[in-house]
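[1] show me how the following folds:
(chains A, B and C)
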Amino acid sequence: MDDTDRYAYVFDFVRSVPVGKVVTYGQIADEVYAARLTARDVGTAMRFAPRDVPWQRVVGAKGYLPIAKRSPELHLQQRRLLEQEGVAFLAGDTYRVDMRLSQWLPEGQSQGSLFDEGTT
DNA sequence: CCGCTGACTCGCG
DNA sequence: ACGCGAGCCAGCG
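    The predicted structure is shown next:
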């Protein structure tokens, strides 16, 4: 693959994320093996994301929003966009998305929490 | 080509 | 549960 196509896999994957769902940087790096990128590179890729890419649906591990640390403004916008799409945040925490409810799992992937659900 | 930075993660205290 | 440091590797000056 050409270097110029490297991020294209990432962008395409993000575009495939349904409204109301989110994916993590690490998940993308792992899922889009064709791009051969690390989670951090996915973050770099998002800076180059075309306008038609729903960047707000990409979150950090555990639903944390890494952008919050660098740009409070982008963090606010991301949170607002996600809330519009119906993505739930953890109660009293504007920095974390409720991954159990909103993480998008491409076909085939099993959600570990389905087994851990009955914790009580 | 070299060194630093960063929209990340994971592991340890 | 939380902060901190190390590892990673592609951009950028």
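[2] which strand or helix spans residue A:28?
    Assigned by DSSP states H and E, residue A:28 falls within helix A:25-31.
[3] name the residues of the helix or strand just after that helix that are buried.
    The helix or strand immediately downstream of helix A:25-31 is helix A:39-47, counting by DSSP H and E. Neighbour-count burial for helix A:39-47 flags A:39, A:41-43, A:45-46 (criterion: 16 or more other CB atoms under 10 Å). C-beta coordinates here come from the backbone N, C-alpha and C atoms, glycine included.
[4] just stretch A:15-32 next, same as before
    By 16+ other CB under 10 Å, the buried positions in stretch A:15-32 come out as A:17, A:21-25, A:27-29, A:31-32.
[5] pull the most distant pair out of these.
    A:21 and A:29 (17.7 Å; CB to CB).
[6] report the longest helix in chain A, please.
    Longest helix of chain A, by residue count under DSSP state H: helix A:72-84.
[7] get me the contact residues on chain A for DNA strand C.
    Taking CB under 7 Å from any atom of the strand as the contact definition, chain A meets DNA strand C at A:3, A:6-7, A:36-41, A:44.
[8] for DNA strand B, what are the nearby residues on chain A?
    For chain A, the contact set with DNA strand B under CB under 7 Å from any atom of the strand comprises A:24-27, A:38-44, A:46-47, A:49, A:55, A:58, A:60-61, A:64, A:66-67, A:69-71, A:74, A:78.
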